[in-house]
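> Fold the following.
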Amino acid sequence: MNTFNRVVLVLLLLLVMVLCSFVLIVPIQSLEIIGRQAEALADLLSRVRPIARLPIGILLALIIDLLGILLIVLEVRRRESRSIKVEQASGGEVTLSVASIADQLKAELSHLPEIVQAKPKVSAKRKGVVVEVDARIEAEAGVPNKAERIVEVIRRTVEQKMGLKLARPPKVNVETVRPPSESRRSRRQSVVTPVTESETGGTTEEES
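Numbering: from 1, shown residues only. This next block holds a predicted model:
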């Protein structure tokens with residue numbers, strides 16, 4: 001959408017430049033042309049009934065105003081930063097991308113045995129890093145204790161290992177999943193033992 005805004009802005013600026021240059025270079029001729037075109041447009045609009053001209057004018061004005069407001073909002077709103085400055089770096093300026101922070105958090109959380117899957121979402125704000133994690137843990141694990149452990153891993157990774165600052169406490173969305181039963185595990189881990197001829201009651205010939 002930012003590219004579209006820039007294209008529209010460039011076209012409008014080019015149009016204004018051409019019109020202003022034309023009016024300033026040949027003011028009398030340009031004003032006469034504008035006057036004739038305005039008279040022709042006024043004559044055309046005068047032939048339209050006021051009961052139809054007014055609603056159409058209001059509708060077109062609303063559409064133009066809404067498009068203008070939309071373009072202004074999209075252009076003025078603050079863009080989300082994709083990197084953040086490391087607070088503890090000395091002797092220079094170091095920045096970390098949001099993607100690298102999320103990858104590091106995912107790697108650290110994957111070391112927890114109760115974590116089945118973790119999807120960190122990281123965004124950079126003025127006050128620091130905002131972290132939200134969607135975590136899937138085993139149902140047998142204690143949810144409150146494991147959630148606290150996940151939060152502690154996030155804090156340690158972001159603040160101590162990466163030298164960043166959390167803008168607010170991490171948010172953890174926990175989903176419990178039931179691990180496969182012991183019988184299923186035993187069936188998966190079982191190995192088929194080959195049956196020998198002696199076990200089937202057959203006889204073997206001895207070498208003479």
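
> wait, doesn't Leu109 sit right on Val116?
No: contact criterion Cβ atoms under 8 Å: Leu109 and Val116 do not qualify, at 10.7 Å. Where you see a C-beta, it was placed from the backbone N, CA and C, and this is true even at glycine.

> So between these two, which is more surrounded?
In this view Leu109 and Val116 are compared by other Cβ atoms under 10 Å, and Leu109 has more residues nearby, 21 against 17.

> contacting residues around that one?
Taking Cβ atoms under 8 Å, 6 or more residues apart in numbering as the contact definition, Leu109 lies against Ile115, Ala118, Pro120, Val133, Ala135, Ile150, Val153, Ile154.

> swap the cut-off to 6 Å and go again
By Cβ atoms under 6 Å, 6 or more residues apart in numbering, the contact list for Leu109 reads Ile115, Ala118, Val153.

> Helices of the chain, start to end?
In the chain, the helices defined using DSSP state H lie at 2-25, 27-46, 50-76, 98-109, 143-155, 182-189.

> which one of those helices lies closest to Val172?
Val172 sits nearest to helix 143-155 of all the helices of the chain, at 5.2 Å, using Cβ to Cβ.

> returning to that earlier point: nearest to Ala167, of the contacts of Leu109?
Val153 (17.9 Å).

> Count the residues that sit near the closest one.
19.

> Check Ile34 too.
By other Cβ under 10 Å, the residues close to Ile34 number 13.

> Check it and give its pLDDT.
Among the per-residue scores, Ile34 holds a pLDDT of 86.

> Also Leu31?
86.

> Please give the number of neighbouring residues around it.
Leu31: 11 surrounding residues under other Cβ under 10 Å.

> what about it, distance to Phe22?
Counting by Cβ to Cβ, to the nearest Å, the gap from Leu31 to Phe22 is 10 Å.

> and the protein, what are its domains?
2-76, 83-184 (automatic domain parsing).

> so Val172 bridges to which residues?
Going by DSSP bridges, Val172 is paired in beta bridges with Val133.

> My read is that it contacts Ile150, right?
Yes: counting by Cβ atoms under 6 Å, Val172 does reach Ile150; the two are 5.2 Å apart.

> what do those two both touch?
Ala135.

> related to what we said a few turns ago, and the domains of the chain, which one averages the lowest pLDDT?
Taking the mean pLDDT of the domains of the chain, domain 83-184 comes last: a mean of 79.

> Alpha carbons of stretch 125-136, as PDB, please.
Extracted C-alpha coordinates of stretch 125-136, given in PDB (Å, rounded to 0.1, in the frame of the first residue of the first chain):
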ATOM      1  CA  LYS A 125       8.400  -0.700  20.200                       C
ATOM      2  CA  ARG A 126       9.900   2.500  21.500                       C
ATOM      3  CA  LYS A 127      10.300   1.100  25.000                       C
ATOM      4  CA  GLY A 128      11.700  -2.300  23.900                       C
ATOM      5  CA  VAL A 129      10.600  -5.700  22.600                       C
ATOM      6  CA  VAL A 130       7.100  -7.100  22.800                       C
ATOM      7  CA  VAL A 131       7.000 -10.900  22.800                       C
ATOM      8  CA  GLU A 132       4.000 -13.200  22.400                       C
ATOM      9  CA  VAL A 133       4.400 -17.000  22.200                       C
ATOM     10  CA  ASP A 134       1.900 -19.600  21.100                       C
ATOM     11  CA  ALA A 135       3.100 -22.700  23.000                       C
ATOM     12  CA  ARG A 136       1.800 -26.300  22.800                       C
END
